[in-house]
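K.L.:
next come a sequence and a model predicted from it.
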Amino acid sequence: MPGRSTHREAADRALIAEAYQSLARDGLVRHASGNVSLRQKNGFLITPSGIPAHDVTPESIVAMNAKGEPVSAGKPSSEWRFHRDIFAARKDVNAVVHTHSPAATALACQRRSLPPFHYMIALAGGDDVRCSDYALFGTQELSDAVLVALAGRKACLMANHGLVACGATLSEAMLVATEVEGLCDVYLRSLQAGPPILLSGAEMKAALAAFKTYGPNNAGRRA
């Protein structure tokens, strides 16, 4: 049904444009840094290259096929490779958000992972948020490094670069990106008073189990 498909793509283009602008309003991206993508039936939609967030419109979002080839007008974000590869490797992921948010980027420039200093790290799917190896932006090497750091997670830091967050929906990916940025900020503040006390493996295991029924979509399962 071509009409239905076109309507869905138009709605998704609007969602991506609004999400990217929201990241800019919240200070998680500046100018044209960062990018947002959303899975489609035969590929994905992604924010364009070099266009400031406030100038991005639904029409400027670029459609890509599963191989990472543009199938609509415009130049895609230079980071399209790791978006393509995440969608190919992770069937649980339908949206990807990449930011150069201040706290996450500061920690990534130390090439340090975010350890289990706070139970909310479980929101990202594990007991830490790993930092990937460094590779030049826009390269296949960077995509490969991101996939390794994201294994079993919904977020990772990118060495000397920024943050990648994923979700089953764009709303979830945005939430993960925002929460991980906040956690990085708190962690960096905590370090000023000395090494924070980390949660134990058992404590993080309990937090991860609790997060399986966390949120409005699981309200009926919570007592």
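P.N.:
Yep, that arrived.

K.L.:
what sits against Thr99?
P.N.:
Leu23, Leu28, Val29, Ser33, Gly34, Gly162, Leu163, Ala165, Ala177, Glu181 (Cβ atoms under 8 Å, 6 or more residues apart in numbering). For glycine as for every other residue, the C-beta is placed from the backbone atoms N, C-alpha and C.

K.L.:
need the pLDDT of it.
P.N.:
We have a pLDDT of 98 for Thr99.

K.L.:
same deal with Ala89?
P.N.:
So Ala89 comes in at 98 (pLDDT).

K.L.:
surely it and Val148 touch.
P.N.:
No - if you go by Cβ atoms under 8 Å, Ala89 and Val148 don't touch, sitting 10.5 Å apart.

K.L.:
does the residue most central in space within the chain have beta-bridge partners, and which?
P.N.:
Centroid-nearest residue in the chain, with Cα atoms, centre = their mean: Ala165, separated by 1.9 Å. Taking DSSP bridges as the rule, Ala165 bridges to Val97, Ala155.

K.L.:
distance of it from Thr6?
P.N.:
28 Å (Cβ to Cβ, to the nearest Å).

K.L.:
what do you get for Glu203?
P.N.:
Applying Cβ to Cβ to Glu203 and Thr6 gives a distance of 49 Å.

K.L.:
same question, Gly74
P.N.:
Distance from Gly74 to Thr6, by Cβ to Cβ: 17 Å.

K.L.:
those two - which one has more neighbours?
P.N.:
Counted by other Cβ atoms under 10 Å, Gly74 and Thr6 do not tie: Gly74 has more neighbours, with 15 against 10.

K.L.:
surely that one meets Ser60?
P.N.:
Yes - with contact defined as Cβ under 8 Å, Gly74 and Ser60 form a contacting pair (5.9 Å).

K.L.:
give me the common contacts of these two.
P.N.:
Pro48.

K.L.:
on the pLDDT front, check the residue nearest to Val176 when sequence neighbours are not counted for me.
P.N.:
Leaving aside its chain neighbours, Val176 sits nearest to Ala165 (4.0 Å; criterion: Cβ to Cβ, 6 or more residues apart in numbering). At Ala165, the model reports a pLDDT of 98.

K.L.:
all further residue positions should be reported with the first residue as 26.
P.N.:
Understood, numbering begins at 26; the last thing we discussed is Ala190.

K.L.:
poorly predicted segments of the chain, please.
P.N.:
26-30, 240-248 (pLDDT under 70).

K.L.:
repeat that for 90
P.N.:
The chain contains residues with pLDDT under 90 at 26-32, 57, 236-248.

K.L.:
output the longest helix belonging to it.
P.N.:
helix 27-50 (DSSP state H).

K.L.:
could you dump that helix to PDB, C-alpha only?
P.N.:
Provided in PDB are the C-alpha atoms of helix 27-50 (Å, rounded to 0.1, in the frame of the first residue of the first chain):
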ATOM      1  CA  PRO A  27       2.200   2.900  -1.300                       C
ATOM      2  CA  GLY A  28      -0.100   5.600   0.200                       C
ATOM      3  CA  ARG A  29       0.200   4.200   3.700                       C
ATOM      4  CA  SER A  30       4.000   3.800   3.400                       C
ATOM      5  CA  THR A  31       4.300   7.400   2.300                       C
ATOM      6  CA  HIS A  32       2.200   8.700   5.100                       C
ATOM      7  CA  ARG A  33       4.300   6.700   7.600                       C
ATOM      8  CA  GLU A  34       7.500   8.100   6.200                       C
ATOM      9  CA  ALA A  35       6.200  11.600   6.300                       C
ATOM     10  CA  ALA A  36       5.300  11.200  10.000                       C
ATOM     11  CA  ASP A  37       8.700   9.700  10.800                       C
ATOM     12  CA  ARG A  38      10.500  12.600   9.000                       C
ATOM     13  CA  ALA A  39       8.600  15.000  11.300                       C
ATOM     14  CA  LEU A  40       9.500  13.000  14.400                       C
ATOM     15  CA  ILE A  41      13.200  13.000  13.500                       C
ATOM     16  CA  ALA A  42      13.300  16.700  12.800                       C
ATOM     17  CA  GLU A  43      11.500  17.500  16.100                       C
ATOM     18  CA  ALA A  44      13.800  15.200  18.000                       C
ATOM     19  CA  TYR A  45      16.900  16.800  16.600                       C
ATOM     20  CA  GLN A  46      15.600  20.300  17.300                       C
ATOM     21  CA  SER A  47      14.700  19.100  20.900                       C
ATOM     22  CA  LEU A  48      18.300  17.900  21.400                       C
ATOM     23  CA  ALA A  49      19.600  21.300  20.400                       C
ATOM     24  CA  ARG A  50      17.200  23.200  22.700                       C
END
